[in-house]
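[1] have a look at this prediction, sequence included:
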Amino acid sequence: MKYNMGSLAGKMSCFATIFILLATGIQGTLYVIEAPFLVGLLISLLITLPLVFFSCEYIFQQHKRTIDTLTNGLKSIHDNDFSIRISEHQQSDLSTAVSMYNKLTTHLKKQRQTLNQREILLDSIVQASPMGIVLLDPFKHIVYFNNESTQLLKSSKLDGMTLHQCCENLHPYLQKSIAQAQSGMISFEQDDTKQSYYLSFKTVTFNHQPHQLMILKNVSQELSQEELNMWKNAIRLISHELNNSLAPISSLTSSAKTMLAQNKHLELLPDILQTIDQRTLNLSEFIAQYARFARLPKPNLHYHPLKPLFDQVRTLYSFELLAPLPTEQAYFDMTQIEQVLINILKNAHQSGGDIAQVAVKVVKDYDRLRIAIVDRGTGIVNGNLHQALLPFYSTKQDGSGIGLSLCNDIIHAHQGQIKLKNRAQGGLMVEFDIPLRETS
């Protein structure tokens, strides 16, 4: 067996060989001078045994120092101190362990530096956020917050405070919403001004304990500007529609007066009156659409089978059913969902594509029912997809901008979401979901 001379076994073998040779030499010398055998053996043991003891002690202390250094290094790692390194120039059985320890501390040190940099970056991002962010422990004490939260909660000292204490300077309605952990949009009147806040609560796990993350943002200015823009769009659209109807009516009325005054071309009067009547009906229908949008009632939710719903809609707008309808009943307002399907299928038929390629697919998705309507029309310009669900927005020249926004409101009232997506080979997909069963 080969031994490494720097290893414990190598050193012990080397010293054992030297001591055996030394004892043999002493014994041989005493034998030459004719000393008794037992005397020679005793003298050789008295000389070699102390040397053996001190040699073993020397070797043991060398290894013990390295072991003690490794032990202290591991203790420092336990205390998150990765700065201790051990010299590797000594050759011993522990050289591999020393090398692995040094590599481990170097790796942990780099990981810690990377983690610290990420924490600093994340904290900088959170502190620069325009939203107030507050982290609450299981006892509702604040353990983390950003700068914006001190402004929104009107308190400069939040650390360690309870949620109730930091809300004392807020409007009572906002205090109540925060105390009840209500997520959503909160609006109220303060100093004769409408104030709107977005409030969100989410449970997160931190140090194996459930914590609550509260996000608060004052959106009064943004909503006010959005509301102003919507009113401008509404006024512009209504003005445009009124002018489109009233201008021809005014012109035709003037022509009718002229004909009656001159008693000429009286045979044209029935056509003129019919045109005026048609424009009046169109204007009345336009106004009725906005009235229906403004007075949308809450959904009357009941369980309904799907086949009668789609059979009824198919009599108005044809479509291909891409998969068999689920036999399970769904929980929805029959009248409102029928109106949603009619509006979407009407748009699909008017999209400029082949009507035969208008198709519908209905699938179950856990406790939701997903309905997708596809066509091969012109689709919607990608930059306008997010606007297509807004009131008064329309890509059609004679569109009122009510159809899809009405669908959006109905689906939201069913706790669902409507999505628009352009298809790769042309056309549009409109997808929405409704509940399969009653939700609490």
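    Right, received. Where do you want to start?
[2] number of nearby residues for Gln350?
    When neighbours are counted by other Cβ atoms under 10 Å, Gln350 registers 14. Bear in mind the C-beta positions are built from the backbone N, C-alpha and C, glycine included.
[3] how about it, phi and psi?
    phi -100, psi 10 (degrees, to the nearest 10).
[4] cool, Lys419 as well?
    Main-chain dihedrals, Lys419, degrees, to the nearest 10: phi -130, psi 140.
[5] which helix or strand contains the most centrally placed residue in the chain?
    By Cα atoms, centre = their mean, the chain has its centre lying nearest to Lys202, at 11.8 Å. Assessed by DSSP states H and E, Lys202 sits inside strand 193-206.
[6] go through the helix or strand containing Thr150 and flag the buried ones.
    Using DSSP H and E, Thr150 sits within helix 147-152. Buried residues in helix 147-152, counted by 16 or more other Cβ atoms under 10 Å: Glu148, Ser149, Thr150, Leu152.
[7] now stretch 255-271
    Ala256, Met259.
[8] just the CA coordinates of it, formatted as CSV?
    This file holds the C-alpha atoms of stretch 255-271, laid out as CSV (Å, rounded to 0.1, in the frame of the first residue of the first chain):
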residue,chain,number,x,y,z
SER,A,255,-86.9,71.5,-49.2
ALA,A,256,-90.4,70.4,-48.3
LYS,A,257,-91.3,73.9,-47.3
THR,A,258,-90.0,75.2,-50.6
MET,A,259,-92.0,72.6,-52.5
LEU,A,260,-95.2,73.5,-50.6
ALA,A,261,-94.6,77.2,-51.1
GLN,A,262,-94.0,76.9,-54.8
ASN,A,263,-96.5,74.1,-55.3
LYS,A,264,-93.9,72.1,-57.3
HIS,A,265,-92.6,68.6,-57.1
LEU,A,266,-95.2,67.6,-54.5
GLU,A,267,-94.9,64.0,-55.6
LEU,A,268,-91.5,63.9,-53.8
LEU,A,269,-92.9,64.8,-50.4
PRO,A,270,-93.7,61.2,-49.4
ASP,A,271,-90.1,60.2,-50.0
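[9] what's next to it, contact-wise?
    Identification of contacts with stretch 255-271 by Cβ atoms under 8 Å, 6 or more residues apart in numbering yields Ile272, Leu273.
[10] strands along the stretch 51-200 of the chain, start to end?
    Assigned by DSSP state E, counting those that start in this stretch, the stretch 51-200 of the chain shows strands spanning 132-136, 142-145, 184-190, 193-206.
[11] packing partners for the second one?
    Helices and strands in packing contact with strand 142-145 are listed as strand 132-136; criterion 3 or more Cβ pairs under 8 Å, 6 or more residues apart in numbering; DSSP states H and E.
[12] sheet partners, orientation included, of the strand it packs on?
    strand 142-145 (antiparallel), strand 209-218 (antiparallel) (DSSP bridges).
[13] in a markdown table: those, plus distance to Asp191 and mean neighbour count.
    Putting those into a markdown table (distance: least, Cβ to Cβ, whole Å; neighbours: other Cβ atoms under 10 Å) gives the following:
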| stretch | distance to Asp191 | mean neighbour count |
| --- | --- | --- |
| strand 142-145 | 26 | 19 |
| strand 209-218 | 14 | 16 |
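[14] turn the ones you listed into CSV, columns for mean pLDDT and distance to Ala413.
    Output for the strands paired with strand 132-136, formatted as CSV (pLDDT from 0 to 100; distance: least, Cβ to Cβ, whole Å):
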stretch, mean pLDDT, distance to Ala413
strand 142-145, 87, 35
strand 209-218, 90, 24
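[15] so who does the residue lying closest to Lys346 once chain neighbours are set aside touch?
    Leaving out its chain neighbours, the residue that sits closest to Lys346 by Cβ to Cβ, 6 or more residues apart in numbering is Tyr317, at 6.1 Å. Listed by Cβ under 8 Å, 6+ apart, the contact partners of Tyr317 are Ile342, Leu345, Lys346, Ala348, His349, Val358.
[16] just to check, the last one is in contact with Ile373?
    When you say that, I think you mean Val358. Yes: contact criterion Cβ atoms under 8 Å: Val358 and Ile373 qualify, at 7.4 Å.
[17] residue ranges in the stretch 1-150 of the chain under the pLDDT threshold?
    The stretch 1-150 of the chain contains residues with pLDDT under 70 at 1-13, 15-16, 19, 21-23, 26-28, 30-41, 43-49, 51-57, 59-63, 89-93.
[18] just the helices from it, written as ranges.
    Assigned helices in the stretch 1-150 of the chain, in chain order: 8-32, 37-78, 95-128, 147-152 (criterion: DSSP state H, counting those that start in this stretch).
[19] same check, this time on the stretch 151-300 of the chain
    Under the criterion DSSP H, counting those that start in this stretch, helices of the stretch 151-300 of the chain are mapped to 163-166, 172-179, 220-262, 269-294.
[20] those helices into a markdown table, with extra columns for mean pLDDT and distance to Leu70?
    Converted to a markdown table, the helices of the stretch 151-300 of the chain look like this (pLDDT from 0 to 100; distance: least, Cβ to Cβ, whole Å):
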| stretch | mean pLDDT | distance to Leu70 |
| --- | --- | --- |
| helix 163-166 | 82 | 49 |
| helix 172-179 | 87 | 54 |
| helix 220-262 | 77 | 60 |
| helix 269-294 | 75 | 76 |
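[21] Gln127 is nearest to which of the ones you listed?
    helix 163-166 (17.6 Å; Cβ to Cβ).
[22] tally up the residues packed near the residue lying closest to Ala356 once chain neighbours are set aside, please.
    With sequence-adjacent residues excluded and distances taken as Cβ to Cβ, 6+ apart, Ala356 is closest to Glu320, at 7.5 Å. Applying the criterion other Cβ under 10 Å, we find 11 residues in the vicinity of Glu320.
[23] tell me which residues touch Glu320, please.
    Ala356, Gln357, Val358, Ala359, Val360.
[24] who's in contact with stretch 370-389?
    Stretch 370-389 has contacts (Cβ under 8 Å, 6+ apart) with 319, 341, 344-345, 348-354, 357-364, 393, 395, 404-405, 407-408, 418, 420-423, 425-434.
[25] distance from the chain centre to that stretch, please.
    The chain centre lies 24 Å from the centre of stretch 370-389; the measure is Cα atoms, centre = their mean, to the nearest Å.
[26] what do you get for stretch 141-159?
    24 Å.
[27] likewise for stretch 347-365?
    Relative to its chain's centre, stretch 347-365 lies at 31 Å (Cα atoms, centre = their mean).
[28] could you do stretch 194-209 as well?
    14 Å.
[29] what comes up buried for it?
    Going by 16+ other Cβ under 10 Å, stretch 194-209 has these buried residues: Gln195, Ser196, Tyr197, Tyr198, Leu199, Phe201.
[30] and the contacts of that stretch?
    Contacts for stretch 194-209 (Cβ under 8 Å, 6+ apart): 131, 135, 137-138, 152, 171, 174, 177-178, 181-189, 210-220, 223-224.
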